[in-house]
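In: the following comprises the amino acid sequence and a computationally predicted model.
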Amino acid sequence: MLKFNYYSPTRIVFGAGTVNEIGTLIREFKVKKVAVVFGGNSAKKSGLLDIVEDRLKSEGIDVILLGGVVPNPLLSKAKEMTKEAVKFGAEFVLAVGGGSVIDTAKFVAIGVASPDTDIEEFFFQRKKVEKSLPIGTVLTIAAAGSETSDSAVLTDDVTGTHIKKGITTDYNRCKFAIMDPELTYTLPKYQIGAGVADIFMHTSERYFTDILGNHLTDEMAEGLFRDIIKFGPIGVKSPTDYEAMSEIMWCGSVSHIGLTGLGAKGDTPRDGDWSCHQLGMAISALFDSTHGATLSAIWASWANYVKDANIQRFAEFARKVYGTDEADDEKCANKGIEKTVEFFESVGMPVNLHDLLNRDVSEKDCEELAINCSYKKSRSIGSFKSLSYDDMYNIYM
Ligand code: NZQ
Ligand code: ZN
């Protein structure tokens, strides 16, 4: 096997009713002041926020509720919340929500630990993150995998770049994640579908890589693909099906916990290609589209553009994931791409930019997207096949 260095310190408390364990879990940290970060109205409406507040208060903990995180969360909101959390004297940050809320909470935790530094210094990686408050999560949507990941993604609406990007650091690791599938029963079907697409993509981005050799890594990825392909459509059809929603929820974490990216070539970790995420983040930055939907919209165009870099890999994907019985690698690869498009459609997700934006896509749109994604032609992306500004434009087109 190739070498790797794996770290994943998040305690995962999984199953129906586990939300009630929040008090016991937080007790361990011996904190008296907790900043609870949440999004729009969903956690209030479902009564979840009341439950969380009640459990914390019964532990003798003071709580400040910091709400209003939007999907495609903003740097300005994280800054505003950081100021309030500093004033309050927060010692712990608890995220109640999905990826947008958790990522904002991660920045708040970093910001509160370094109150004299603007958080954009960390966002633009001009300063290295060297401390953070402890963070915990009560997860309400299976999608981003932020509950166990080391990254946090925001859109810069502070300095005018309008770039959506992430920072990666072990300080972004949650101390615990409560994963109670019943909390996801109130999700709109579109959000379940977008979450399913994102989960698929967290495995895909690591599977289509130029660093190969760890068979167990591949077997785990192929198992994840098969599981999310099986249970994703069931969850979208029946959002209160415990079996489906719990499988989707666990797939969400395992897809982004790093296990499917193990292995390194020299000092370069396999980690993944992440082109579709980079292409998708530019779409979200310019059009405020839902993250998972941007990924399904771009995947087939990306796959057809890059497949010749390693057609055997795409053929193996089709054989192992969809059971495609086709001896010719190219034909087999194409079948795997078609099957994946059908899968995205089965969870109600767009499979091209036209469907995502619900209108014709012009050359000007694609230029703007490629400019945003290439940071004004100053970077290329991807490793399975490296993509320049022109490649990005062609994939969007
Ligand atoms: O704001 P509220 O009212 O809570 O509504 C949310 C939001 O509108 C709603 N929702 C969440 N749980 C619900 C619910 N509605 C009803 N019932 C519930 N139980 O769902 C909507 C989407 O929420 P959001 O948090 O944006 O979803 P998701 O978890 O998909 O997160 C997406 C964000 O995560 C980033 C994405 O870029 C995007 O900004 N990512 C973060 C990653 C990471 N930190 O590791 C990796 C990912 O690749 C991704 O980039
Ligand atoms: Zn993602």
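Out: Perfect, thanks for sending it. Numbers count the residues shown, from 1 in each chain. Ligands and ions are numbered 1, 2, ... in the order given.
In: doesn't Gly232 make contact with Val347?
Out: Yes - applying Cβ atoms under 8 Å, one finds Val347 in contact with Gly232, separated by 5.0 Å. To be clear about C-beta, it is placed using only N, CA and C from the backbone, and glycine gets the same treatment.
In: quick one, strands of the stretch 101-250 of the chain?
Out: 135-139, 151-155, 164-168, 176-179 (DSSP state E, counting those that start in this stretch).
In: what residues does the stretch 101-250 of the chain have near ligand 1?
Out: Taking Cβ under 6 Å from any ligand atom as the contact definition, the stretch 101-250 of the chain meets ligand 1 at 101, 103, 140-141, 143-146, 149, 151-153, 183-184, 186-187, 191, 195, 198.
In: which residues touch the residue in the stretch 201-350 of the chain that ligand 1 sits nearest to?
Out: Proximity to ligand 1, evaluated over the stretch 201-350 of the chain using Cβ to the nearest ligand atom, is greatest for His291 at 3.8 Å. Residues in contact with His291 (Cβ atoms under 8 Å, 6 or more residues apart in numbering) are 71-72, 99, 143-144, 194, 198, 280-281, 284.
In: nearest to Asp267, of these?
Out: Using Cβ to Cβ, Met281 is the member of the contacts of His291 that lies nearest Asp267, at 26.2 Å.
In: shouldn't that closest one be within a strand?
Out: No - residue state for Met281 (DSSP: H, G, I helix; E, B strand; the rest coil) corresponds to helix; a strand is not indicated.
In: beta partners for the residue nearest to it when sequence neighbours are not counted?
Out: Excluding its sequence neighbours, the residue lying closest to Met281 (Cβ to Cβ, 6 or more residues apart in numbering) is Lys164, at 4.2 Å. With DSSP bridges as the criterion, Lys164 is bridged to Thr155.
In: state the number of residues packed around Lys164.
Out: Using other Cβ atoms under 10 Å, Lys164 has 27 neighbouring residues.
In: could you do Gly47 as well?
Out: If we define neighbours as other Cβ under 10 Å, then Gly47 has 10 of them.
In: go on, Leu357?
Out: 15.
In: surely it and Ser289 touch.
Out: Yes - here Leu357 reaches Ser289: they are 7.4 Å apart, a contact under Cβ under 8 Å.
In: from the contacts of His291, pick the one nearest Tyr322.
Out: Closest to Tyr322 out of the contacts of His291 is Asp198 (19.9 Å), distances taken as Cβ to Cβ.
In: so what's that closest one closest to, chain neighbours aside?
Out: Residue nearest to Asp198 in three dimensions, not counting chain neighbours: Gly292, with 3.8 Å by Cβ to Cβ, 6+ apart.
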